[in-house]
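1. here is the input, now give the coordinates:
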Amino acid sequence: MAENRQAMEKLARRVTDGYEAVHEKNYARARQLLEPLVPMLHNELKPNVKLLAYTAIAQIGDRQVQAFLETYEQLKAQTPGDEREQALVTRVDDMFTVLMESVAEEENNN
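-> Residues are numbered from 1 along each chain as shown. This is a model prediction of the structure:
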């Protein structure tokens with residue numbers, strides 16, 4: 001039982017550290033902490049919008065465009081549960097829009 005509790009505390013600390021790393025704009029560290037947790041803490045039956053949003057922010061901040069697009073696709077399939085989650089989804093939507101505008105601009109310049 002104590003082992004279980006320690007494992008849960010370690011997992012919670014990793015999530016919290018990942019979220020803090022996003023706020024500190026340490027995107028590489030945030031990705032390292034959060035990406036491995038997505039398959040464990042998010043699934044269709046028990047979605048984790050907050051984790052997906054923070055992971056997407058870390059990925060685009062670390063210039064991992066393909067990973068960002070994959071996470072964004074998962075995120076868009078979810079319904080935010082409250083205003084805070086909606087705000088996170090909106091933030092990621094804005095990042096997606098900026099990315100697409102940058103791609104279009106780059107294509108127009110070539």
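2. CA only for contacts and neighbour counts going forward, please
-> Noted.
3. so which strand or helix has the most centrally placed residue in the chain?
-> The chain has T55 as the residue nearest its centroid, 1.8 Å off, counting by C-alpha atoms, centre = their mean. Using DSSP states H and E, the element containing T55 is helix 49-61.
4. what mean pLDDT would you report for that helix?
-> Across helix 49-61, pLDDT averages out at 98.
5. what residues sit buried inside the helix with the most length in the chain?
-> Taking DSSP state H as the criterion, the chain has its longest helix at helix 83-109. Neighbour counts over helix 83-109 (16 or more other C-alpha atoms under 10 Å) mark 85-86, 88-89, 92-93, 95-96 as buried.
6. and which of these is nearest to A67?
-> Using C-alpha to C-alpha, F96 comes nearest to A67 of those, at 12.3 Å.
7. distance check, that closest one against L75.
-> The spacing between F96 and L75, counted by C-alpha to C-alpha, to the nearest Å, is 12 Å.
8. phi, psi of N26?
-> phi -90, psi 70 (degrees, to the nearest 10).
9. quick one: residues contacting it.
-> N26 makes contact with A58, according to C-alpha atoms under 8 Å, 6 or more residues apart in numbering.
10. now do it against Y54, distance only.
-> For N26, the distance to Y54 - C-alpha to C-alpha - is 12 Å.
11. what of N109?
-> Distance of N109 to Y54, given as C-alpha to C-alpha: 32 Å.
12. so the helix holding T55 versus helix 83-109, what angle?
-> With axes from the mean of the first three to the mean of the last three C-alpha atoms, to 10 degrees applied, the angle from helix 49-61 to helix 83-109 works out at 30 degrees.
13. which SSE is immediately downstream of helix 49-61?
-> helix 65-76.
14. and that next one, which residues are buried?
-> 67-69, 71-72, 74-75.
15. CSV for those, including pLDDT and distance to D17?
-> Formatted as CSV, the buried residues of helix 65-76 follow (pLDDT from 0 to 100; distance: C-alpha to C-alpha, whole Å):
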residue, pLDDT, distance to D17
A67, 97, 20
F68, 98, 20
L69, 97, 23
T71, 97, 19
Y72, 97, 21
Q74, 96, 22
L75, 97, 21
